[in-house]
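have a look at this fold, sequence not included:
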């Protein structure tokens, strides 16, 4: 039965409340709602009257939710998502959909993701445009403001309104040029350490958060000689082709065929695999696909999230019939 209070309630107030909870700032919330600040202040007063609670207190750092508002923040996203589904189109057809999605991706992940994703989109959703950029330090703020739709990065300290799904990635391999001295043999740990190494890292993260292999080796009193650190996988491939350097990175790059004639990937030395298995490494950050809770109310975003996870996660694939995909490994090693 529909209550009299619900009949008198303007559902737009709930939308405004959700935006205020996300932004914690009247100016930014007014901009997103395309209303003036005085108009939003009146809306806030209506919300206070409806819930018989102050909802927010003003501080030098913005709006601070009351306990009542904190409780509403847990319920509103799912409620508004259901309303969105009721009001939205019953059928979503990717083939006729036109829209743009902005993805924040590390260069390393772009190499593996974009070829397959774009080939898929060209057949199933030709009207979709994808814009990619590197992951900036304030990527969570960009997701909040709607300046980006998805970000793939190490999920270290995500805010409560950021949803993070771990990406399953293949176990790391050791890459080298096709005519490298170790190309046609099972390398030992001593041989692995005898050659110089390239190290890939994610911008904005320290080595302590990204170098799992060095962390494990260090616990056994062993170290690699790092001749180059870079964020650019393509540049690293160029260096591999002209030197005897080795590169440890997640498996899967061979499948795309982009570098098949230039580099080859080998299993890590058996001794090192055993060390990784037996050693706790605090540096095993989990690469995750992140989005703002707001995006979960969009059918188009739900579809794109599923498509991205399809191309980012492949738990059934194996490397040369060996190690299966392992969820939660860092994208670099």
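Thanks, I have it. As the structure is a computational prediction, the values presented were derived from the model and not from experiment.

tell me the pLDDT of residue 167.
Note on residue 167: pLDDT of 81.

same check, this time on the one 5 residues further on
pLDDT recorded at residue 172 is 81.

for residue 200, list each beta-bridge partner.
residue 230 (DSSP bridges).

what's the burial count for it?
A count of nearby residues for residue 200, using other CB atoms under 10 Å, gives 24. For every residue, glycine as well, the C-beta is placed using N, CA and C.

kindly report the same for residue 229.
Neighbours of residue 229 (other CB under 10 Å): 14.

contacting residues around it?
By CB atoms under 8 Å, 6 or more residues apart in numbering, the residues touching residue 229 are 198-201.

now with 7 Å, please.
Residues near residue 229 by CB atoms under 7 Å, 6 or more residues apart in numbering: 199, 201.

and it, how far from residue 30?
Residue 229 is 44 Å from residue 30, where distance means CB to CB, to the nearest Å.

over to residue 142?
Distance from residue 142 to residue 30, by CB to CB: 19 Å.

looking at the two, which is more packed in?
Under the neighbour definition other CB under 10 Å, residue 142 and residue 30 were set side by side, and residue 30 has more, 21 against 18.

show the backbone phi and psi for the more buried one.
Per-residue torsions, residue 30: phi -60, psi -40 (degrees, to the nearest 10).

wait, residue 203 touches residue 137, no?
No - Residue 203 is not in contact with residue 137 according to CB atoms under 7 Å; the separation is 8.3 Å.

more neighbours: which of the two?
Each of residue 203 and residue 137 has its neighbours counted (other CB under 10 Å); residue 203 has more, 12 against 8.

please report how far the closest residue to that one other than its chain neighbours lies from residue 161.
Nearest residue to residue 203 in three dimensions, chain neighbours excluded: residue 231, at 5.4 Å (CB to CB, 6 or more residues apart in numbering). Using CB to CB, residue 231 is found at 28 Å from residue 161.

how about residue 61?
Distance of residue 61 to residue 161, computed by CB to CB: 17 Å.

between the two, which has more neighbouring residues?
Per other CB under 10 Å, whichever of residue 61 and residue 161 has more neighbours is residue 161, with 16 against 8.

packing partners for the longest helix belonging to the chain?
Criterion DSSP state H: the longest helix present in the chain is helix 67-87. Using 3 or more CB pairs under 7 Å, 6 or more residues apart in numbering; DSSP states H and E as the contact test, the elements touching helix 67-87 are helix 12-23.

flag every buried residue along the helix it packs on.
13-23 (16 or more other CB atoms under 10 Å).

give me the pLDDT for residue 108.
Listed pLDDT for residue 108 reads 76.

burial measure for it, as a count.
24.

all helices of the stretch 101-250 of the chain, in order?
In the stretch 101-250 of the chain, the helices defined using DSSP state H, counting those that start in this stretch lie at 107-124, 139-145, 189-194, 212-219, 233-242.

including distance to residue 173, could the ones you listed go into TSV?
What follows is those, written out as TSV (distance: least, CB to CB, whole Å):
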stretch	distance to residue 173
helix 107-124	12
helix 139-145	28
helix 189-194	12
helix 212-219	11
helix 233-242	13
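
which among those helices is found nearest to residue 37?
For residue 37, the closest of the helices of the stretch 101-250 of the chain is helix 139-145, at 17.1 Å, according to CB to CB.

show me what that closest one is packed up against.
Here helix 139-145 touches strand 150-154, strand 287-292, going by 3+ CB pairs under 7 Å, 6+ apart.

and the residue nearest to residue 203, what is it in contact with?
Going by CB under 7 Å, 6+ apart, residue 231 touches 106-107, 200-203.

which single one of the residues you listed is nearest to residue 302?
Nearest to residue 302 out of those is residue 106 (CB to CB; 23.8 Å).

let me see the contact set for that closest one.
By CB under 7 Å, 6+ apart, the neighbours of residue 106 are 134-135, 152-153, 202, 231, 331.

can we see that at 8 Å?
Contact partners of residue 106, counting by CB under 8 Å, 6+ apart, are 134-135, 152-153, 202-203, 231, 331.

so where's the stretch 101-250 of the chain shaky on pLDDT?
Along the stretch 101-250 of the chain, the parts satisfying pLDDT under 70 run over 169-170, 204-210.

count of residues packed around residue 237?
For residue 237, the tally of surrounding residues (other CB under 10 Å) stands at 20.
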